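Student: Here is my input; please provide its structure:
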Amino acid sequence: MRENRLRTLWQDGKSAVNGWLGIPSAFSAEIMAHAGWDSLTVDMQHGIVDYQTAVTMLQAVSTTDIVPMARVPWLDPAIIMKSLDAGAYGIICPMISNRRQAEEFVSYCRYAPVGTRSFGPARAMLYGGADYPEHANDTVLAIAMIETAEAMENLEDIMSTPGLDAIYVGPSDLSLALGHPPRQDVPDGPVYEAQKHILEVAKRHGVVGGIHTVTPEYALRMTRLGYQLVTIASDTRLLAAKAAADVATVKEGLGT
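Tutor: The predicted structure is shown next:
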């Protein structure tokens, strides 16, 4: 089966740089895939990407050796299993708040006897290889998002869930859960301390810590804390920022 390079990086104690895909386009996904990320995540929760388009985006990512992943809309076995069948090598699931939800999530990502994933890896075998069924349980990643007040109260229970590979901090929802405006790249204060605490508990249980960031500087700061999966912005944010900067430069030169 094709290697999951994220597992290899983590086992070597290294951090992985993840990109975020919210533009519903195989071409833009292909462009992002050639930018040197370690992994790319198709966002089906807050982006405007539907399942059929997500499949084409995963295909585009597969033109490179970048690890393809998907963030699903919710803890729903149907979309989790279909995303894995489409070739996602990792699933990021939002709003995991307790041990029961964590166990259900992991179960949906694993074939029997350890899980309840239904068998039908239509595209996954094309991407992963003919021996996908034998190795999928040990290859695909189950990554639970930690972003609610309930999750903060249940960190030990969530992190100790057998088969949970990693957690992923959603800073905006975590900020809201802690009574603050939705923010990312929080430099200090209660949300920052919560991010540190989440990571400490994860590491104690051998679970990889992941987090969503906006700038390269903050991503590096998080890796120095010990996060081993850092997302830098998204295709939409990167496009908007670069376009605005270039237009502003030319208009400034024109004096307009």
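Student: so where do the helices sit in the stretch 151-256 of the chain?
Tutor: 155-159, 171-177, 189-204, 216-225, 235-254 (DSSP state H, counting those that start in this stretch).
Student: for the fourth one, the distance to its chain's centre please.
Tutor: A distance of 16 Å separates the C-alpha centroid of helix 216-225 from that of its chain, computed with CA atoms, centre = their mean, to the nearest Å.
Student: ok, and for it, which residues are buried?
Tutor: Of the residues in helix 216-225, 218-219, 221-223 count as buried by neighbour count, 16 or more other CB atoms under 10 Å. To be clear about C-beta, it is placed using only N, CA and C from the backbone, and glycine gets the same treatment.
Student: So the residue nearest the centre of the chain: helix, strand or coil?
Tutor: Geometric centre of the chain, nearest residue: I92, 4.7 Å, by CA atoms, centre = their mean. With DSSP: H, G, I helix; E, B strand; the rest coil as the basis, I92 sits in strand.
Student: doesn't W74 make contact with it?
Tutor: No. Between I92 and W74 there is no contact under CB atoms under 8 Å: 11.7 Å.
Student: wait, doesn't G226 sit right on L199?
Tutor: Yes. Using CB under 8 Å, G226 makes contact with L199 at a distance of 5.5 Å.
Student: Common neighbours of the two, please.
Tutor: Overlap between the contact sets of G226 and L199, as judged by CB atoms under 8 Å, 6 or more residues apart in numbering, is given by G209.
Student: Give me the more crowded residue out of those two.
Tutor: Neighbour tally, G226 and L199, criterion other CB atoms under 10 Å: the higher count belongs to L199, 23 against 14.
Student: Next one: the more buried one relative to E156, how far apart?
Tutor: Note on L199: its distance to E156, by CB to CB, to the nearest Å, is 14 Å.
Student: Can you lay out the buried residues of helix 216-225 as CSV showing distance to A194 and pLDDT?
Tutor: Below are the buried residues of helix 216-225 laid out as CSV (distance: CB to CB, whole Å; pLDDT from 0 to 100):
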residue, distance to A194, pLDDT
Y218, 15, 98
A219, 18, 98
R221, 15, 98
M222, 13, 98
T223, 18, 98
